[in-house]
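Asker: one predicted model, sequence on top.
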Amino acid sequence: MYKLKEIASEVFYVGINDREKHLFENMWPLPFGVSYNSYLIVDEKTALIDTVDISFSDIFLKKVADALNGRTLDYLIVNHMEPDHSGSIRLLREQYPDMQIVGNKLTFGMIDGYHGITTGLHEVKEGDTLDLGKHKLSFYMAPMVHWPEVMVTYDATDKLLFSADAFGTFGTIDGAVVDTDMNVEHFWEEMKRYYANIVGKYGSPVQRALQKLSALDIQTVCPTHGPVWRENIAAVWDIYNKMSLYEAEEGVVIIYGSMYGNTEQMAEVIAASLSEHGVKNIVMHNVSKSHASYILKDVFKYNSVIIGSPTYSNQLYPEIESILSKIQIREVKNRNFGYFGSFTWAGAAVKRLAAFGEAMKWDIIGTPAEQKQGLKADNYDACWALGEAMAKQLTKN
Ligand code: FEO
């Protein structure tokens, strides 16, 4: 029944689009949905590469059975055990009891833990191969991209890389599967958000994986989320390379919390000053309105960050505390940093923002602006000066 996309000879796309889930990992918004990609090679031996979220097992199993056309499934290759890809393993094993599950030692510990499966396992190590007939597969470990067991599978016959989460993006694939058959422009911002939210902490492991994979002749990249990349491999590679090096575009993200608008007024003055002094890329996030997912994306995207917070219960504003923690966890490097804050009777926020900047080892720019109660002329001037100092930092080269 299914007319499945054959992305290379005998290699079929059997993935699923999820337009139901609101939050990926129950945290990150999915306004454009997400796909769980799975690929089936129907050679002398048959092999499925990764599965899909358990919520979609029913349709997924029908697609796999259709593509197999009465044959059995010889191998399931598990590149990644996060449940968005491993959710259907147990049902697949029930349907194909003789199926060998291909993975590494860490994969198998997780398969036991999640699914109680301890038999029919085929362990592979770095560089090991699996001959399906025409298709010759080899396996390369990519630990912490994005879990420790992650590996990638390379099909030397058609020069396909099954890359697990690497080179993935949020956003469903609507109709077409391969980038050559679709307009991909809307994926770029979603890819950056996906990277910042999901993989952002693991810059060094991503770099190690990219270096390892650069030795392969790759003509098609088949990730677990988003389009199959063929004509945009260089662009996708560049995004992952730059983001894992924490390289960023020139621009300023202003992140602020504000209960009654007084800290927000400071942010407005800083933004106006940045603009007046020549900065064009200015993005403002009210932490009580912007989801952290988008703030993180912009902290990865731009090279300068200015954060403002009111003092709340002698601490930072809780929503600011929360976004600082998410930035710190991701170990974002090499940013220009300015900060400001307000208080009513005793100031604490500015001191805590100073400690954050030091902990991140970011370059502190300008003099922090601190305001007691409402905006007055001296605070206005201090905010203006902070914006000017940051603008000078950006335009000095
Ligand atoms: Fe798409 Fe790390 O799972």
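Answerer: Received the coordinates, thanks.
Asker: okay, buried residues for stretch 265-284 please.
Answerer: By neighbour count on 16 or more other Cβ atoms under 10 Å, the buried set for stretch 265-284 is 265-267, 269-271, 273-274, 277, 279, 281-284. C-beta: built from backbone N, CA, C; applies to glycine.
Asker: I'd say residue 233 and residue 216 touch.
Answerer: No - using Cβ atoms under 8 Å, residue 233 is not in contact with residue 216; the gap is 11.5 Å.
Asker: can you list the buried residues in the helix or strand in which residue 234 is found?
Answerer: Assigned by DSSP states H and E, residue 234 falls within helix 233-244. Across helix 233-244, burial judged by 16+ other Cβ under 10 Å covers 233, 236, 237, 239, 240, 242, 243, 244.
Asker: picking up where we left off before, out of the buried residues of stretch 265-284, who's near the ligand?
Answerer: Among these, none lies close to the ligand by the criterion of Cβ under 6 Å from any ligand atom.
Asker: now, which of the residues you listed lie within helices?
Answerer: Among the buried residues of stretch 265-284, the members falling in helices (DSSP state H) are 265, 266, 267, 269, 270, 271, 273, 274.
Asker: with respect to the ligand, which of those is nearest?
Answerer: Proximity of these to the ligand (Cβ to the nearest ligand atom) peaks at residue 267, which lies at 34.6 Å.
Asker: for the closest one, give me its contacts.
Answerer: With contact set as Cβ atoms under 8 Å, 6 or more residues apart in numbering, residue 267 has these partners: 254, 256, 258, 284, 306, 308, 340.
Asker: check residue 310 too.
Answerer: Residues in contact with residue 310, defined by Cβ under 8 Å, 6+ apart, are 257, 258, 259, 262, 263, 317, 341, 342, 343, 349.
Asker: any idea what it is bridged to?
Answerer: Residue 310 forms beta bridges with residue 342, as assigned by DSSP bridges.
Asker: and the pLDDT at it?
Answerer: Per-residue pLDDT puts residue 310 at 98.
Asker: and residue 397, by the same measure?
Answerer: 62.
Asker: quick revisit: mind listing which of the contacts of residue 310 are in strands?
Answerer: Counted as lying in strands by DSSP state E, out of those, are 341, 342, 343.
Asker: give me the nearest residue to the residue in the stretch 1-150 of the chain that the ligand sits nearest to, chain neighbours excluded.
Answerer: At 3.4 Å from the ligand, residue 82 is the closest residue in the stretch 1-150 of the chain, using Cβ to the nearest ligand atom. Of all residues not flanking residue 82 in the chain, residue 147 sits nearest, at 6.0 Å (Cβ to Cβ, 6 or more residues apart in numbering).
Asker: would you mind listing what in the protein touches the ligand?
Answerer: Contact residues, the chain versus the ligand (Cβ under 6 Å from any ligand atom): 80, 82, 84, 85, 146, 147, 165, 224, 225.
Asker: now, the most widely separated pair of the residues you listed?
Answerer: The span of the residues of the chain next to the ligand, defined through Cβ to Cβ, is set by 147 and 225 at 14.3 Å.
Asker: so for the two, which sits in the more crowded spot?
Answerer: The residue with more neighbours, out of residue 147 and residue 225, is residue 225; 26 against 17, by other Cβ atoms under 10 Å.
Asker: tell me the secondary structure for the more buried one?
Answerer: In three-state terms, and counting by DSSP: H, G, I helix; E, B strand; the rest coil, residue 225 is coil.
Asker: can you tell me how far it sits from residue 173?
Answerer: Remark: distance between residue 225 and residue 173 (Cβ to Cβ, to the nearest Å) = 9 Å.
Asker: quick one: common contacting residues for those two?
Answerer: Listed contacts common to residue 225 and residue 173 are residue 35; contacts here mean Cβ under 8 Å, 6+ apart.
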